[in-house]
Structures are given as C-alpha cells and as structure tokens.
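Novice: what shape does this take:
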Amino acid sequence: MENTCGLSFMRLVPSRGWMGLVAGKTDVEQKIQLLLQRKKEKVAEVSELLETVESLQMAIASRAEGYDACTS
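Specialist: Now for the predicted structure:
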C-alpha cells in the first residue's frame, strides 16, 4: 500500500507474516524478490529430498542384498 507521498507501509503477506515494503521498490519488484526467495527455498528443499531418496535407495539395496544372501 502506498500513501499519497509514495511511501510504503507494512502489509500482511499470507503465510509470511508481517513484511515491510522497502522504500523505492514497486509492489511488482517486491513480489519478484519474494518469488525468487521462495524459489531458492524450494531448490534447497528439493536438494534435501533428493539426498533422502538416495539414502533410502542405498538402505533398500543393502537390505535386498541381505535378504538375497539369506535365501540363497
């Protein structure tokens, strides 16, 4: 939100809490920055999930080898 002087006020962003708008940036620029930040967070989350998947695949393969050795 802007007043008649062009100053930005704080606004509530869903699931992000109160966020102050930086003076001099438009709402579109602010939204782009927010989306870029969320993208970075998602990239980190996906990376973590891929590491978890790799770890689980290794554990499953190890157990499968153990079961195969027991049944042979």
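Novice: which strand or helix spans Glu51?
Specialist: When elements are assigned from DSSP states H and E, Glu51 belongs to helix 27-71.
Novice: now do the contacts for Ala61.
Specialist: Counting by CB atoms under 8 Å, 6 or more residues apart in numbering, Ala61 touches no other residue. Quick note: C-beta positions are derived from backbone N, CA and C, even for glycine.
Novice: distance check, it against Ser55.
Specialist: 11 Å (CB to CB, to the nearest Å).
Novice: so Glu48 versus Glu41, what's the distance?
Specialist: 11 Å.
Novice: same question, Lys31
Specialist: 15 Å.
Novice: again with Ile32
Specialist: Distance from Ile32 to Glu41, by CB to CB: 15 Å.
Novice: likewise for Ala61?
Specialist: The value you get for Ala61 to Glu41, if CB to CB is used, is 31 Å.
Novice: same thing with Asp68?
Specialist: In terms of CB to CB, Asp68 sits 41 Å off from Glu41.
Novice: just Ser55 next, same as before
Specialist: On the measure of CB to CB, Ser55 and Glu41 end up 21 Å apart.
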